[in-house]
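1. pasting the sequence and the predicted coordinates here, then a few questions.
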Amino acid sequence: MAVKAQPRKRRSFHSSRMIQSALTHVILLLFVFIALFPIYLMFNAALKTSRELFQSFLTLPTDPQWQNFGFILNEQGYKGALYNSMILSTSSMILTTVISVLAGYGFAVYRFVGKQWLFLLVLTGLMVSETSVLIPVYQLLQDLGLLNTYGGMILPQAALGLTFGVFLMTTFFKDIPRALIDAAVVDGGSDLQVLRHVIMPLARPAIMSLALIEFMWAWNSFFFPLVIATKQWLMPMSVRIIDFMGRFTFRYDMIAATTVILFTPILILYLITQRSFHRGITFGALKD
Amino acid sequence: MAQLTAQIYLGAVGSRVDTGGSPRKDAGMARFNIRPYIFIAPALIYLSVWIFYPILNALVLSFFDSPTGRSRDYFWVGIDNYIKLLQDDLFLKSLYHNIIWVLLSIALPVVLGLLLAVLLSGRGRTRLIYASIFFIPHTVAAVCAAIVWRWIYDPSIGPLNWLLETIGLAGRPWLADESIVLIAVNMIGSWSYYGFCVLIFMAGLQNISPELYDAAMIDGAGALQRFFYVTIPLLRNAITFVLVYTIIGSMKFFDLIFVATNGGPNEASTVVGLRIYWHSMREGRFNYAATMSTILTIVILALSVVVIRQIVTEDEED
């Protein structure tokens, strides 16, 4: 019985396999479309005149309006906002990465009293949001005279990514073969030498991942800058856009151009360093 | 030699006793070593100043009030702020919206991410290309996404209604309709989040050995059975991570809703983050806002602990 039924069964298995494969393709392509279409619309809208955009948002621009970007950067004072975004993201990236590497070294290489508890304490930072700490942070910055300063914008921002950084660095450093570290120590290497000559070269991809992710987070950050940088000269791009939206309510071409200016640097960075991004983001999830 | 190396390695990894020659690494109970503390001190001090102290300070502030907005002449009011909060319909509504947001985010991008990751798991290099593309929306700032989607949703000139009307469906004022606004905004969040979930689940699936699937197939398990009895249990770590991350993210989010609707229409999309911002920065009622912050922290902690414990106990039962 079973033997007889086999050929028929296999054929139907084959054709159902093909349907399945076709269906999989359709679904995957649908989600590629969903991911990219809004981004296409955004770039497209930025390069059209307001009138052309009104006629059709689908077709490519007949006469790309590259000067939209120049207009926003130069005449609308967006250059300053771009500069502020750079300062904010670069500084908080460096601050977070350096502190995370040091702490990662301490947690991964040494055994010490209270290690588990201190690590757990650091991890609880993951559950804290900007909105949970807003008021005390605001008052602290006020007391320190740091409202509306670069420092005031950078310091709390760096803290938000620090938990993730310490966690990522510790898990990565733990994977480095212990024998390598011990060999360096036997050779009389100091902590900083071990860190520089053993850990850093091996963990460079991990550190790179962390730096990129922290940069992206700070670049895209909104809440703290919104509250802390209320003077226009200090606002990073993410906050200036809001002000811009108010003034150009129905100029979707102009508004789209500002979003393109905010998004493009991160897009380029991501496209160049995808693997680094992926490594950093997936690593934490899979170690327990 | 090899034995010695192995011994050193095991000594470092497995037990408290170090066999290495360095006295510096003898950080057992007997000898106190200051070095590790020096390395972790910057992180702990930094987090204490900007995260831990603010959390505790918010808790303290929640038991006080001030005579006028922004003034710091605090006086003790006990749990008055909490009582007020429980009677504040707008706050309860916003908390409810946060919970809805958690559920929507799990139902849509998380489940979708898992399914897409499974669909991708059989593929070679193209898998990575798909995952990279799905992840691109996650790199778009929430502010940007909100602005672009506001235009897409625009009832008169937006692409979405145009598309719907072209295929014969009725367009809607997506962000102005109280009954659907929360779902419409969640779509924006889902758009930027599903690629992130795909990435995590895909990495998790890589750790599952194909032999397990072969074994299940030989035992006669269908695709669905393989999914529920092989994939899901073995993805436990990744699932826990994504669920906790989703809960935390959904409870604290602000940027997207602030720009997309600012809580409107008629507070139908307001969330706790918006209330905190409103009461503190606009009205100057810092103590009241700090009470909300404290509640938010407690809710996030409680939900995360519930999820982690649920999954960990399931683990132990196996």
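-> Noted; the coordinates are in hand. Numbers count the residues shown, from 1 in each chain, chains lettered A, B, ... in the order given.
2. can you pull the contacts of A:Asp253?
-> A:Asp253 is in contact with A:Ala45, A:Ala46, A:Lys48, A:Thr49, A:Ser50, A:Leu53, A:Gln65, A:Asn68, counting by Cβ atoms under 8 Å, 6 or more residues apart in numbering or on different chains. To be clear about C-beta, it is placed using only N, CA and C from the backbone, and glycine gets the same treatment.
3. which strand or helix spans it?
-> helix A:252-286 (DSSP states H and E).
4. mind listing what's buried in that helix?
-> For helix A:252-286, the neighbour count (16 or more other Cβ atoms under 10 Å in any protein chain shown) marks A:252-263, A:265-266, A:269-270, A:273-274, A:276-286 as buried.
5. and what of stretch B:70-82?
-> For stretch B:70-82, by 16+ other Cβ under 10 Å, it's B:Val77, B:Asp80, B:Asn81.
6. contacts only, for the last one.
-> This means B:Asn81. By Cβ under 8 Å, 6+ apart, B:Asn81 lies in contact with B:Ser62, B:Phe63, B:Asp65, B:Asn287, B:Tyr288, B:Thr291.
7. about what we covered before: buried ones only from the contacts of A:Asp253, please, as a ChimeraX command.
-> Only the buried members of the contacts of A:Asp253 end up in this ChimeraX selection, burial being decided by 16+ other Cβ under 10 Å:
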select /A:45,46,48,53,65,68
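8. which of the contacts of A:Asp253 fall within helices?
-> Among the contacts of A:Asp253, the ones falling in helices (DSSP state H) are A:Ala45, A:Ala46, A:Ser50, A:Leu53, A:Asn68.
9. do you know how far A:Val98 is from B:Phe201?
-> Taking Cβ to Cβ, to the nearest Å as the measure, A:Val98 falls 32 Å from B:Phe201.
10. those two: which has the busier surroundings?
-> More crowded of A:Val98 and B:Phe201, by other Cβ atoms under 10 Å in any protein chain shown: B:Phe201, with 28 against 15.
11. quick check: the more buried one is in a helix.
-> Yes: with the criterion set as DSSP: H, G, I helix; E, B strand; the rest coil, the secondary structure at B:Phe201 is a helix.
12. that one against B:Gly113, yeah?
-> Yes: B:Phe201 is in contact with B:Gly113 according to Cβ atoms under 8 Å; the separation is 5.7 Å.
13. which helix or strand in chain A has the lowest average pLDDT?
-> helix A:2-46 (a mean of 78; mean pLDDT, DSSP states H and E).
14. so B:Ile133 touches A:Ala35, yeah?
-> Yes: counting by Cβ under 8 Å, B:Ile133 does reach A:Ala35; the two are 5.6 Å apart.
15. please enumerate the shared neighbours of those two.
-> Jointly contacting B:Ile133 and A:Ala35 under the rule Cβ under 8 Å, 6+ apart are B:Gly195.
16. who has more neighbours out of the two?
-> A:Ala35 (21 against 17).
17. got the contact list for the nearest residue in space to B:Gly158 that is not next to it in sequence?
-> Closest residue in space to B:Gly158, ignoring its immediate chain neighbours: B:Ile152 at 5.3 Å, by Cβ to Cβ, 6 or more residues apart in numbering or on different chains. Shown in contact with B:Ile152 (Cβ under 8 Å, 6+ apart): A:Pro38, A:Leu41, B:Gly158, B:Pro159, B:Leu160.
18. can you tell me the SS state at B:Ile152?
-> Assignment for B:Ile152 (three-state DSSP): helix.
19. so how many other residues sit close to A:Lys174?
-> So A:Lys174, with other Cβ under 10 Å, has 14 neighbours.
20. and if you look at the one 10 residues further on?
-> Each residue near A:Ala184 was counted by other Cβ under 10 Å, and the total is 18.
21. elements contacting the helix or strand harbouring it?
-> Using DSSP H and E, A:Ala184 sits in helix A:178-186. Applying 3 or more Cβ pairs under 8 Å, 6 or more residues apart in numbering or on different chains; DSSP states H and E, one finds that helix A:178-186 contacts helix A:191-194, helix B:2-13.
22. I'd say A:Ser50 and A:Ile255 touch.
-> No: when contacts are counted by Cβ under 8 Å, A:Ser50 is not listed as touching A:Ile255 (10.4 Å).
23. mutual contacts of those two, please.
-> With Cβ under 8 Å, 6+ apart as the test, A:Ser50 and A:Ile255 reach no residue in common.
24. sort out which residues of the helix holding A:Ala184 are buried, please.
-> In terms of neighbour count (16+ other Cβ under 10 Å), helix A:178-186 has its buried residues at A:Arg178, A:Ile181, A:Asp182, A:Ala183, A:Ala184, A:Val185.
25. turn the contacts of B:Asn81 into JSON lines, including neighbour count, distance to B:Arg35 and secondary structure.
-> Conversion of the contacts of B:Asn81 to JSON lines gives the following (neighbours: other Cβ atoms under 10 Å in any protein chain shown; distance: Cβ to Cβ, whole Å; DSSP: H, G, I helix; E, B strand; the rest coil):
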{"residue": "B:Ser62", "neighbour count": "24", "distance to B:Arg35": "39", "secondary structure": "coil"}
{"residue": "B:Phe63", "neighbour count": "18", "distance to B:Arg35": "40", "secondary structure": "coil"}
{"residue": "B:Asp65", "neighbour count": "20", "distance to B:Arg35": "46", "secondary structure": "strand"}
{"residue": "B:Asn287", "neighbour count": "23", "distance to B:Arg35": "43", "secondary structure": "helix"}
{"residue": "B:Tyr288", "neighbour count": "25", "distance to B:Arg35": "46", "secondary structure": "helix"}
{"residue": "B:Thr291", "neighbour count": "29", "distance to B:Arg35": "42", "secondary structure": "helix"}
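26. between the residues you listed, which is closest to chain A?
-> B:Asn287 (8.2 Å; Cβ to the nearest Cβ).
27. CSV for the contacts of B:Asn81, including pLDDT and distance to A:Leu226?
-> Below are these laid out as CSV (pLDDT from 0 to 100; distance: Cβ to Cβ, whole Å):
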residue, pLDDT, distance to A:Leu226
B:Ser62, 94, 23
B:Phe63, 95, 28
B:Asp65, 90, 26
B:Asn287, 93, 21
B:Tyr288, 94, 20
B:Thr291, 95, 21
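28. show me the shaky parts of chain A.
-> Where chain A drops to pLDDT under 70, the residues are A:1-14, A:284-288.
29. centroid residue for it?
-> A:Met216 (3.2 Å; Cα atoms, centre = their mean).
30. now the phi/psi pair for that residue, please.
-> phi -60, psi -40 (degrees, to the nearest 10).
31. ok, it - contacts?
-> Counting by Cβ under 8 Å, 6+ apart, A:Met216 has contacts A:Ile266, A:Leu269, A:Tyr270, A:Phe277, B:Thr139.
32. can you get me a residue count around A:Tyr83?
-> Neighbour tally, A:Tyr83, other Cβ under 10 Å: 12.
33. hang on, it in a strand?
-> No: applying three-state DSSP, one finds A:Tyr83 to be helix, outside a strand.
34. mind pulling up the phi and psi values for the single nearest residue of the stretch 1-150 of chain B relative to chain A?
-> Nearest to chain A, among the residues of the stretch 1-150 of chain B, is B:Phe39, at 3.0 Å (Cβ to the nearest Cβ). Dihedral angles of B:Phe39 (phi, psi; degrees, to the nearest 10) stand at phi -70, psi -40.
35. pretty sure it sits against A:Ala108.
-> No: checked against Cβ under 8 Å, the pair B:Phe39 and A:Ala108 is beyond contact range at 9.8 Å.
36. ok so, going back, mean pLDDT lowest where, among the helices and strands packed on helix A:178-186?
-> Looking at the helices and strands packed on helix A:178-186, the lowest mean pLDDT belongs to helix B:2-13 (a mean of 34).
37. mind listing the helices in the stretch 1-150 of chain B by residue range?
-> Remark: helices assigned in the stretch 1-150 of chain B by DSSP state H, counting those that start in this stretch are B:2-13, B:35-47, B:53-61, B:80-86, B:89-105, B:111-120, B:126-139, B:142-153.
38. out of those, which is the most enclosed?
-> helix B:142-153 (a mean of 25; mean count of other Cβ atoms under 10 Å in any protein chain shown).
39. thanks a lot, catch you later.
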